[in-house]
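Visitor: Pasting the sequence and the predicted model now:
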Amino acid sequence: MNLLIAEDSDSDRMILATLLRRLGHQVYEASDGLEAVAVFVKFEPDIVFMDALMPKMSGMEATRKIKGLAGARFIPVIFITSLAGESEQASCLEAGGDDFLLKPYRRVILEAKINAYSRMLALHRSVMQQRDQIRRQNEQMLHEQRTARRVFDNVAHTGCLDASNIRYHASPLSIFNGDVLFAAERPGGGTLLFMGDFTGHGLPAAIGAMPIAEVFYGMAAKGFGAADILTEINQKLCSILPVGMFCCGVLVEADGKQGAIRVWNGGLPDGWLVRKNGERIAIPSRHLPLGVQSPDRFNASMDLLNAEPEDYIVLMTDGFPESCDVRGESLGEDAVRQVLAELGSDDHPFEALMAQLQAFTGHPDPADDITLCCLEVVARGALADVAESAPESALSGPGSWHCVYEIRDRSLADFNPLPLLLHICMEVPGLRRRSGEVFTLLSELYSNALEHGVLELSSEWKKSAEGFSLYYEERTRRLSDTEGHYIRFTLDHEPRPGAGRLRIRCEDSGQGFDMNKGNASAQTSASNEYSGRGMEILRRLAREFSVCGSGNCVEIVYDWEFPAQGATSH
């Protein structure tokens, strides 16, 4: 080992140096404290033997200097002294000394001390190496997480989470603590919001979040409903997650235009519908988490609530009620209920809950494993712009084509043809930018044909809360008897210079009605649904609009143009 002796007595220094060299060590010498510091800087010895009393700079002051220069390195300093008083020894230890070697020197004790500190130095070096390795591994892990986050953001972008009617808190690396939050506008209007909490943390949680994001945004952009998205997410997780890993989640489908909120909660804390009139309605978990049940046993049925603009949907992961104060006590769901119950007319639920959390925990910034989201129900028209939920395909599609698609019998109850029809239309590259308008055309045509043509439901029922529930109960009941009925779509597209024309014909097996006489059959109520809201939307979007046959067939012509060069799509 490399050893330093700082001793102002030439004879004592020579005796100690001789003993150490005979033990096989390299020895450097200094005659005062100032020289000892200079020799330490030059040769970086492993152990320092320091006399307490020296000229120019005392051994205690030199020890402080050496310990400061050593930094994170462990440099044992052994004081060589004849001072036996406790106060003197305490002063040496306070200065940074690690041990004492009393004069006169004994070879056995000297060798034992050096061997002991040699083992300590080896252990310290091993710990430092492990520390450095852990630091490198941690830096690599953080780099990989940042890379994974960039990839994840490209797949699971923010969607419409930045919309003015959505307030949320989520960790910057939420996918690595198990929490996920996605939001998307449906092509025909309305908002889909998914919040999830995976078992575990780190990479396993991130791996599970990726397919959920892809399924959610991909299917939302194609017009699939919440139940279809849930079914696909559950099947995907069942196929990729190991036993014991799952995702507690809640999916909300909010349509302020129709005054309908559909919610599925599987394993998350109670969500809340906060009405502007002060009413609070809990949205409890009624299902098992996603990825637990096999596809044939999975239940995607959703709770249906009527809502009005300025109502709020409040969702949270279990990290929120389980947040602890300095004493280790958790906030609890009762505190959440109390905050919501005490909201004033001008209070925002998100701000009130976050303020309560910060006051309870005593921290200005919430913990990283908390996700809280508040969605305000808004009344958006069917023509509202919808952000692209996925990048356009690099593949080109046909410009001129004709398609006939008929859905009949039990398929009317079990299958939603709108995503398929929208996908066919979106094969036209320029038409992809008009997905919202095209989906609105298809959905209004299909909804009128199914609900007022095949099922003979009256829109008058939806004008009250009781009628709203009755409407959807009756809709479910009548869907069980659709044998012999059909809805047929005929689609034609032809390209035009810098534009295109899409012709859509929708025919159903209902009784229809005579628009000239104005006597609505069961296909419409006295309010004449075909000339009401749905038909008004079609007239606004379409270049041509006509009702033919016995009133059970509607045909529209939709013209579109390529966007101007350099224009952006919103």
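Guide: Yep, it's here. Numbers count the residues shown, from 1 in each chain.
Visitor: Tell me where the stretch 401-550 of the chain has helices.
Guide: Assigned helices in the stretch 401-550 of the chain, in chain order: 411-414, 418-426, 435-447, 465-478, 533-541 (criterion: DSSP state H, counting those that start in this stretch).
Visitor: How about the second one, which residues are buried there?
Guide: Along helix 418-426, the positions that meet the burial threshold by neighbour count (16 or more other CB atoms under 10 Å) are 418, 419, 420, 421, 422, 424, 425, 426. Any C-beta I mention is one placed from the backbone N, CA and C, and that applies to glycine too.
Visitor: does the nearest residue to residue 434 once chain neighbours are set aside count as helix, strand or coil?
Guide: Leaving aside its sequence neighbours, residue 434 sits nearest to residue 560 (CB to CB, 6 or more residues apart in numbering; 5.3 Å). Assigned by DSSP: H, G, I helix; E, B strand; the rest coil, the conformation of residue 560 is strand.
Visitor: Just to check, residue 269 is in contact with residue 316?
Guide: Yes: the pair residue 269 / residue 316 is scored as a contact, 5.8 Å apart, by CB atoms under 8 Å.
Visitor: what is in contact with the two at once?
Guide: Residues within reach of residue 269 and of residue 316 at once, by CB atoms under 8 Å, 6 or more residues apart in numbering, are residue 336.
Visitor: Out of the helices of the stretch 401-550 of the chain, which gets nearest to residue 377?
Guide: helix 465-478 (14.3 Å; CB to CB).
Visitor: pLDDT value on the most centrally placed residue in the chain, please?
Guide: With distances taken as CA atoms, centre = their mean, the residue of the chain nearest its centroid is residue 180 (2.7 Å). Residue 180 is assigned 87 on the pLDDT scale.
Visitor: do residue 356 as well
Guide: Taking residue 356 on its own, its pLDDT is 92.
Visitor: what do you get for residue 19?
Guide: So residue 19 comes in at 90 (pLDDT).
Visitor: Then residue 443?
Guide: 87.
Visitor: Now do it against residue 436, distance only.
Guide: 10 Å (CB to CB, to the nearest Å).
Visitor: residues contacting the closest residue to residue 561 other than its chain neighbours?
Guide: In space, and not counting its chain neighbours, residue 561 is closest to residue 499: 4.2 Å by CB to CB, 6+ apart. Residue 499 is in contact with 430, 559, 560, 561, 562, counting by CB under 8 Å, 6+ apart.
Visitor: mind checking the longest helix of the chain?
Guide: Assignment by DSSP state H gives helix 107-155 as the longest helix of the chain.
Visitor: Looking at it now, give me its mean pLDDT.
Guide: On average, helix 107-155 scores 85.
Visitor: distance between it and the chain's centre?
Guide: Centroid separation for helix 107-155 versus its chain: 32 Å, with CA atoms, centre = their mean, to the nearest Å.
Visitor: distance between the helix or strand just after it and the chain's centre?
Guide: Per DSSP states H and E, helix 107-155 leads on to strand 166-169 as the next helix or strand towards the C-terminus. Relative to its chain's centre, strand 166-169 lies at 12 Å (CA atoms, centre = their mean).
Visitor: What strands flank strand 166-169, and is each parallel or antiparallel?
Guide: strand 372-376 (antiparallel) (DSSP bridges).
Visitor: what does the partner strand contact?
Guide: 165-170, 181, 183, 191, 193, 195, 252, 254, 310-317, 320, 348-350, 353-354, 357.
Visitor: In strands, which of those residues appear?
Guide: Using DSSP state E, the subset of those located in strands is 166-169, 181, 183, 191, 193, 195, 252, 254, 312-316.
Visitor: Just the buried ones from the residues you listed?
Guide: 166-169, 181, 183, 191, 193, 195, 252, 254, 312-316.
Visitor: so residue 232 is in which element?
Guide: Short version, using DSSP H and E: residue 232 is in helix 226-240.
Visitor: So residue 450 versus residue 335, what's the distance?
Guide: 45 Å.
Visitor: Among these two, which residue is more densely surrounded?
Guide: Between residue 450 and residue 335, counted using other CB atoms under 10 Å, the more crowded position is residue 450 (24 against 17).
Visitor: Thought residue 485 was touching that one, still the case?
Guide: No: the pair residue 450 / residue 485 is not scored as a contact, 9.0 Å apart, by CB under 8 Å.
Visitor: what touches both of these two?
Guide: When contacts are counted by CB under 8 Å, 6+ apart, the set common to residue 450 and residue 485 consists of 412, 508.
Visitor: For residue 443 and residue 436, list the residues in contact with both.
Guide: Common neighbours of residue 443 and residue 436, using CB under 8 Å, 6+ apart, are residue 188.
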